[in-house]
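*Asks:* got a sequence here, can you build the structure:
(one chain, ligands or ions: 1)
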Amino acid sequence: MTKKPSLRFHLGTLLNPLSDGVCESIRNGVLVVDSRTGKIRGIHSLEEAHRRYGKTMSGRSVIDHGPALLIPGFFDLHFHWVQDEVREMPKASLLTWLKNYTFPTEMRFADPAYSKDRAKAFFQKLRNSGTQGGAIYSSIHETAIRSAFREVKGHFVMGNVLMNMESPPELTVGEEDSLRLVKRLLKRYGVRYALTPRFAITTTPRVMKEGAKWADAARAFKQTHLSETPGEIEFVLSQYRKIPGFEKVRSYTEIYHKCGMLGSRSIMGHGIHLSSEELRLLSRTRTSIAHCPTSNAPVKDLGLGSGLFDFRRTERAGVRWALGSDIGGGPFLSMFDVMESFVRQNRKAGVKAATRVKALYRATLAGAEILGLGRITGNFKVGKEANFMVVPVSEQVLAGRNAEEILERLHAGVKRRSDYDSLVASAWIKGRCGSRARSPDPAEA
Ligand SMILES: [Zn+2]
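*Replies:* Residues are numbered from 1 along each chain as shown. Okay, here's the model as predicted:
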């Protein structure tokens, strides 16, 4: 048996998101990966790589992906892995969809065998779609989150949803049991655990407050839903104003603030309907928003019709944000579908700043930065982990003059939204192929 080469040369067209406005594209590029460390050793044009590496770059060390795009792995900053089955169910309104489809589905995750099977299938599917990091909601059950942590690969934080009130009896957990479980999971998973009150409606202030204290002490993340629909906001405020200490509360965001839920390691799902005062509070506490355009989209587009997130206003207020799929509120796993929805809905509303380059940045590096991983992953840079996906494309797509045009052409070639889930031919985590059954890496064979 011959020795495995330590450098691996991935040939393809590299798309490298750097910011909202800039994405490098390197046609006939080479991503050089050190297979011992799983990190990026170089980013070059083909000629430059030949000059620099000479004979080292030959034989089994070269992986020619053909006409394909090499794109950093996606970060999906908000999704529910236990809602895979309800993604395409009728969504007349948020609260009825939860009651009719989501809650009954989540109840099934009390069964360890079911959780195990679903976790195995779901996380393989997720890897195949190119998502390699993000923030996950599990069900209330310990067995479900443990199965998920066993199967998930990449940079994810995850929490069991905390539900102590206004929930179906099968999904209601007592405060003491909730807190005991938070403590146990924080101890077991450390910073990979995220304190996850489902939303203020279902989680008591005591559980949020106590849990937030422990999460902060462990430097773990906190996540929940905020201001997704007007009906939800009205209900939250009417409920909380009956709770001692919250009688005078002015906004939904203030409720979370009082419960210790805001901060630099906090991610609020949606945040569509926020007052200027609330945005200021999020900015001041360095809280981030996960924007989920496919979930917020009109019902005819398989969303919940929650409204269009105003990213310009959010940015002007200095609030950090990144994209999320919100599976099952969002109908498809692929962040390509999420990016496309972001661009389309904003274009329809006449917002030109919603470019495809911006969408790619918000689906990769921006998410990594919010999770505190911007120095480790999120795009192509020497020294960062070699986390990327390979997307085969036609020569016509590659003929685009810049990243914006290449992405535009890529999207134009996709006929059905469900096709986005199968755009990715292989996904690589720390330089190793982790997506398909058969690795295209000749040195692994
Ligand atoms: Zn959600």
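*Asks:* please make it C-alpha for all contacts and neighbour counts, starting now.
*Replies:* Fine.
*Asks:* give me the domain ranges for the chain.
*Replies:* Structural domains annotated on the chain: 7-73+378-433, 74-333, as defined by automatic domain parsing.
*Asks:* of those domains, which is nearest residue 343?
*Replies:* Closest to residue 343 of those is domain 74-333 (C-alpha to C-alpha; 9.2 Å).
*Asks:* end-to-end on the closest one?
*Replies:* End-to-end distance for domain 74-333: 11 Å, by C-alpha to C-alpha, to the nearest Å.
*Asks:* how far is that domain from where the chain is centred?
*Replies:* Relative to its chain's centre, domain 74-333 lies at 12 Å (C-alpha atoms, centre = their mean, to the nearest Å).
*Asks:* same check on stretch 341-360?
*Replies:* Between the centre of stretch 341-360 and the centre of its chain there are 18 Å (C-alpha atoms, centre = their mean).
*Asks:* would you turn the domains of the chain into JSON lines with mean neighbour count, distance to residue 347 and mean pLDDT?
*Replies:* JSON lines is the format used below for those (neighbours: other C-alpha atoms under 10 Å; distance: least, C-alpha to C-alpha, whole Å; pLDDT from 0 to 100):
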{"stretch": "domain 7-73+378-433", "mean neighbour count": "20", "distance to residue 347": "13", "mean pLDDT": "96"}
{"stretch": "domain 74-333", "mean neighbour count": "20", "distance to residue 347": "11", "mean pLDDT": "96"}
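*Asks:* nearest to residue 365, out of those?
*Replies:* Proximity to residue 365, assessed across these by C-alpha to C-alpha, is greatest for domain 7-73+378-433 (4.1 Å).
*Asks:* show me what residue 222 bridges to in the sheet.
*Replies:* Residues in a beta bridge with residue 222, per DSSP bridges, are residue 195, residue 266.
*Asks:* test my guess that it contacts residue 267.
*Replies:* Yes - the criterion here is C-alpha atoms under 8 Å, and residue 222 meets it with residue 267 at 6.4 Å.
*Asks:* which residues sit against stretch 176-190?
*Replies:* 142, 162-164, 193, 195, 207, 210-211, 214-215, 218, 220 (C-alpha atoms under 8 Å, 6 or more residues apart in numbering).
*Asks:* can I get the CA coordinates of that stretch in PDB?
*Replies:* Output of stretch 176-190 as PDB, limited to C-alpha atoms (Å, rounded to 0.1, in the frame of the first residue of the first chain):
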ATOM      1  CA  GLU A 176     -38.000  21.500  38.100                       C
ATOM      2  CA  ASP A 177     -37.600  18.800  35.500                       C
ATOM      3  CA  SER A 178     -36.800  21.300  32.900                       C
ATOM      4  CA  LEU A 179     -34.100  22.900  34.900                       C
ATOM      5  CA  ARG A 180     -32.600  19.500  35.900                       C
ATOM      6  CA  LEU A 181     -32.400  18.500  32.300                       C
ATOM      7  CA  VAL A 182     -30.700  21.900  31.300                       C
ATOM      8  CA  LYS A 183     -28.100  21.300  34.000                       C
ATOM      9  CA  ARG A 184     -27.500  17.800  32.900                       C
ATOM     10  CA  LEU A 185     -27.200  18.600  29.200                       C
ATOM     11  CA  LEU A 186     -25.000  21.700  29.800                       C
ATOM     12  CA  LYS A 187     -22.700  19.500  31.800                       C
ATOM     13  CA  ARG A 188     -22.600  16.900  29.100                       C
ATOM     14  CA  TYR A 189     -22.300  19.000  26.000                       C
ATOM     15  CA  GLY A 190     -20.800  22.300  27.300                       C
END
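*Asks:* still on that earlier bit, of the domains of the chain, which approaches residue 355 most closely?
*Replies:* Evaluated over those, closeness to residue 355 peaks at domain 7-73+378-433, with 7.4 Å, by C-alpha to C-alpha.
*Asks:* centre of the chain versus that closest one, how much separation?
*Replies:* 20 Å.
*Asks:* start at 40 instead
*Replies:* OK, 40 is where the count begins now, so the last one is domain 46-112+417-472.
*Asks:* end to end, how far does it reach?
*Replies:* Its start and end residues considered, domain 46-112+417-472 measures 15 Å (C-alpha to C-alpha).
*Asks:* look up which residues are beta-bridged to residue 424.
*Replies:* Under DSSP bridges, the beta-bridge partners of residue 424 are residue 78.
*Asks:* so for the protein, which residue is the most central one in space?
*Replies:* residue 115 (0.9 Å; C-alpha atoms, centre = their mean).
*Asks:* distance-wise, check residue 453 relative to residue 433.
*Replies:* Taking C-alpha to C-alpha, one finds residue 453 at 12 Å from residue 433.
*Asks:* so where does residue 162 fall, helix or strand?
*Replies:* helix 151-167 (DSSP states H and E).
*Asks:* just checking, what packs against that helix?
*Replies:* Packed against helix 151-167 by the contact rule (3 or more C-alpha pairs under 8 Å, 6 or more residues apart in numbering; DSSP states H and E) you find helix 181-190, strand 465-468.
*Asks:* which one of those lies closest to residue 315?
*Replies:* Going by C-alpha to C-alpha, the one of the helices and strands packed on helix 151-167 nearest residue 315 is helix 181-190, 36.1 Å.
*Asks:* fine by me, we can end here.
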